[in-house]
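Student: only the shape, not the letters, is given here:
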């Protein structure tokens, strides 16, 4: 009798064991049904940049990694070491050869990378572009800053800093599309929204600290009443700040710069630069991975066949960094 | 001896039971560590539209539901029954009162809904806008069609249909911002990219089938050589198709319409409308929920403090529907 009781107990235990194991398995195998979006750990997504050493990419890569961790997939970071189109093509070719689950790439050139990007897409590898677009390619999406809108924001901040009046100037790199768009957004907004303000000159700083410093010195000499200068990239902003710091005229123009490298943040903290425009780099990385995951798993395909599989253009937005919030932006 | 053996077996079974249960539990409780993005089933996200009965919202709601199922959260669909701003304000107020996990709303009016949207955001409820924006509000993001880009696509398709030559016309609703943007994208592209084409007239169809039919009859009378007509919304497209079908002049102009309601799709299938522009409504709903989930769980907050928490503008893209792919677009 006692022995039979033990056998029963054993049978019940075995049954419970079986049920629990089944539940654990079904959780692992049917994530969609039990709630939870995740992939496989051997699903490898690759992020490719150029100039891989620079601070600028850190936050975007962090976003890419954060999304991968949340979704239970793997990432790999590859970058051309230089600002060299041939090197980036080689890096992309090597990535394609390994048949990854998806590729997020920041294109060093808007056209020259297109055939290689298309090759990846035609091989069935999901590709999205982030930060720098290659608009004519077959990549499924572009995630980055709308540079025209960033210029609009810079103009409104400049108006706030200067009491909506006076002469302002721009130091930019006119032959680069993203910088031209920032300049256009800035100048269009000044002339459309602020009648007592005027953009008096636009100088070529060549993305270089020294050239931009000289450009700013010329601005200060030719327009001694200048109220503000907008530098469309970080090196230029530092150069302009140097020129203004050693300027001996009446009053100091306000400076608005771009991006959040350490040099620029230090000058925001010291008050030499009044504001700088921070790009949404974490979001670029995070949503690039989410889009690649959606493409890899065909999440949209059965839902709305024939339509675009993921959104085609994503503006990750701009935030204005000033002395008040600058400490948040130092790389951790 | 035998009895002891059974006791051992029982102990081992209990231990295995404990281990399996622990593994199952840790899978459920620590999704971030074991791979898997999911929330709680009592996390309720609300989608709000206007004119809730119409087909147009179906695919967007499906996207919203699909994302909720994948993430293991709940959704609720609320809609004003009419095209009435006061009714939509009431629906939004009621949703706020229930403190949902997030709200995705398509704004019937670009300005009048703003105070109520801001009230939700200030109460700590994540809000995103989809399909129709309220640009000045505190909502975190807008996900919808870039209407200017949609007009650009329509112009390129029109050029393809007409052999890149001849006179074309537009039937639109000039006092609605999204329709004006579609018209601008179309006319700018025709004049910029196709030198042998010309937009000869832009008529007000008032979003009405009959008014648009009469507008198209005028176009056919005044410009008997017209090669194509672009209708910026679906009722207008049907009206234009009726006018062209009963036209007795030489040749029939090609028609491009907008959206994928059944009436339009039937006319694409019959060949009366050559192409219609499909919006990425599933993506609007799917990524609205993903953004709300990211905001609710503060996924970005610790990663890049101070920056925009989710992308600010998402263009969900356009696809061109023709006789070749029309069957894909009928609501399932």
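Tutor: Looks like it came in fine. Since the structure is predicted, the reported quantities are computational estimates derived from the model, not experimental observations. Numbers count the residues shown, from 1 in each chain, chains lettered A, B, ... in the order given.

Student: please report how far the residue in the stretch 101-250 of chain A that chain B sits nearest to lies from residue B:55.
Tutor: Proximity of the stretch 101-250 of chain A to chain B (C-beta to the nearest C-beta) peaks at residue A:146, 6.7 Å away. Backbone N, C-alpha and C define where each C-beta goes, glycine included. As judged by C-beta to C-beta, to the nearest Å, residue A:146 and residue B:55 stand 32 Å apart.

Student: these two - which one has more neighbours?
Tutor: residue A:146 (23 against 12; other C-beta atoms under 10 Å in any protein chain shown).

Student: you'd agree the more buried one is up against residue A:315?
Tutor: Yes: Residue A:146 is within contact range of residue A:315, at 4.0 Å (criterion: C-beta atoms under 8 Å).

Student: what sits in contact with each of those two?
Tutor: residue B:313 (C-beta atoms under 8 Å, 6 or more residues apart in numbering or on different chains).

Student: nearest residue to the middle of chain A?
Tutor: Against the mean C-alpha coordinate of chain A, by C-alpha atoms, centre = their mean, the closest residue is residue A:281 at 3.1 Å.

Student: who's in contact with that residue?
Tutor: Residues near residue A:281 by C-beta under 8 Å, 6+ apart: A:56, A:57, A:59, A:60, A:63, A:131, A:316, B:304.

Student: pretty sure the third one sits in a strand.
Tutor: No: residue state for residue A:59 (DSSP: H, G, I helix; E, B strand; the rest coil) corresponds to helix; a strand is not indicated.

Student: quick one: the strands in chain A?
Tutor: Ranges of strands in chain A, per DSSP state E, are A:44-49, A:74-79, A:102-105, A:127-130, A:142-144, A:166-172, A:197-204, A:228-231, A:254-258, A:275-279, A:313-315, A:318-321.

Student: and the residue of the stretch 101-250 of chain A closest to chain B, how close does it get to residue A:275?
Tutor: Residue A:146 is 18 Å from residue A:275, by C-beta to C-beta.

Student: closest one to residue A:37 out of the contacts of residue A:281, please.
Tutor: Nearest to residue A:37 out of the contacts of residue A:281 is residue A:63 (C-beta to C-beta; 16.6 Å).

Student: ok, the residue nearest to the closest one when sequence neighbours are not counted - how many residues close by?
Tutor: Among residues not flanking residue A:63 along the chain, residue A:285 sits closest, at 3.0 Å (C-beta to C-beta, 6 or more residues apart in numbering or on different chains). Residue A:285: 31 surrounding residues under other C-beta under 10 Å.

Student: give the contact list for residue A:285.
Tutor: Contacts of residue A:285 by C-beta under 8 Å, 6+ apart are A:47, A:59, A:60, A:61, A:62, A:63, A:64, A:65, A:66, A:67, A:104, A:130.

Student: do residue A:236 as well
Tutor: Residues in contact with residue A:236 (C-beta under 8 Å, 6+ apart) are A:171, A:172, A:173, A:205, A:207, A:208, A:209, A:212, A:215, A:257.

Student: isn't residue A:315 right next to residue B:311, touching?
Tutor: Yes: look at residue A:315 against residue B:311 with C-beta under 8 Å: they come within range, at 6.1 Å.

Student: the residue in the stretch 51-200 of chain A positioned nearest to chain B: neighbour count?
Tutor: Of all residues in the stretch 51-200 of chain A, the one sitting closest to chain B is residue A:72 (1.7 Å; C-beta to the nearest C-beta). Summarising burial for residue A:72: neighbours were counted as other C-beta under 10 Å, giving 21.

Student: residue B:37 versus that one, what's the distance?
Tutor: Using C-beta to C-beta, one gets 9 Å for the distance from residue A:72 to residue B:37.

Student: show me where the stretch 101-250 of chain A has its helices.
Tutor: Applying DSSP state H, counting those that start in this stretch to the stretch 101-250 of chain A gives helices spanning A:114-122, A:147-161, A:177-193, A:209-222, A:234-245.

Student: the longest one: how far from the chain's middle?
Tutor: Taking C-alpha atoms, centre = their mean, to the nearest Å, one finds the center of helix A:177-193 at 20 Å from the center of the full chain.

Student: I'd like the mean pLDDT over it, please.
Tutor: The pLDDT scores in helix A:177-193 average 95.

Student: let me know the angle separating that helix from helix A:147-161.
Tutor: Comparing the axes of helix A:177-193 and helix A:147-161 via axes from the mean of the first three to the mean of the last three C-alpha atoms, to 10 degrees yields an angle of 50 degrees.

Student: kindly report the same for the fourth one.
Tutor: For helix A:209-222 against helix A:147-161, the angle between stretch directions is 50 degrees (the same axes, to 10 degrees).

Student: what residues does helix A:209-222 touch?
Tutor: A:169, A:171, A:201, A:203-206, A:226, A:229, A:231, A:235-240, A:242-244, A:247, A:249, A:253.

Student: now the residue in the stretch 151-300 of chain A that chain B sits nearest to: how far from residue A:237?
Tutor: Nearest residue of the stretch 151-300 of chain A to chain B (C-beta to the nearest C-beta) works out as residue A:282 at 3.9 Å. Counting by C-beta to C-beta, the gap from residue A:282 to residue A:237 is 22 Å.

Student: more neighbours: those two, which one.
Tutor: Legend: neighbour count by other C-beta under 10 Å for residue A:282 and residue A:237, higher for residue A:237 (32 against 26).

Student: what sits against that one?
Tutor: The contact partners of residue A:237, taken as C-beta under 8 Å, 6+ apart, are A:212, A:231, A:255, A:256, A:257, A:258, A:264, A:267, A:273, A:276.

Student: contact residues of the stretch 101-250 of chain A facing chain B?
Tutor: A:143, A:146, A:149 (C-beta under 8 Å from any C-beta of the partner chain).

Student: can you report how many residues neighbour the first one?
Tutor: Going back to what we said before, that points to residue A:143. The local packing of residue A:143 (other C-beta under 10 Å) involves 29 other residues.

Student: also the last one?
Tutor: Under the neighbour criterion other C-beta under 10 Å, residue A:149 is assigned a count of 18.

Student: that one reaches residue A:185, doesn't it?
Tutor: Yes: Residue A:149 lies in contact with residue A:185 (C-beta under 8 Å); the separation is 6.3 Å.

Student: low pLDDT regions in the stretch 101-250 of chain A?
Tutor: For the stretch 101-250 of chain A, no stretch has pLDDT under 70.

Student: skip the chain neighbours and tell me the closest residue to residue A:247.
Tutor: Per C-beta to C-beta, 6+ apart, closest to residue A:247 is residue A:220, 5.2 Å.

Student: could you do residue A:328 as well?
Tutor: Nearest non-adjacent residue to residue A:328 (C-beta to C-beta, 6+ apart): residue B:306, at 4.0 Å.

Student: what does residue A:261 give?
Tutor: Closest to residue A:261 by C-beta to C-beta, 6+ apart is residue A:234, at 5.2 Å.

Student: and that neighbour, what does it touch?
Tutor: Contacts of residue A:234 by C-beta under 8 Å, 6+ apart are A:257, A:258, A:259, A:261, A:263, A:264, A:276.

Student: what do you get for residue A:49?
Tutor: A:57, A:60, A:77, A:79, A:80, A:105, A:106, A:131.
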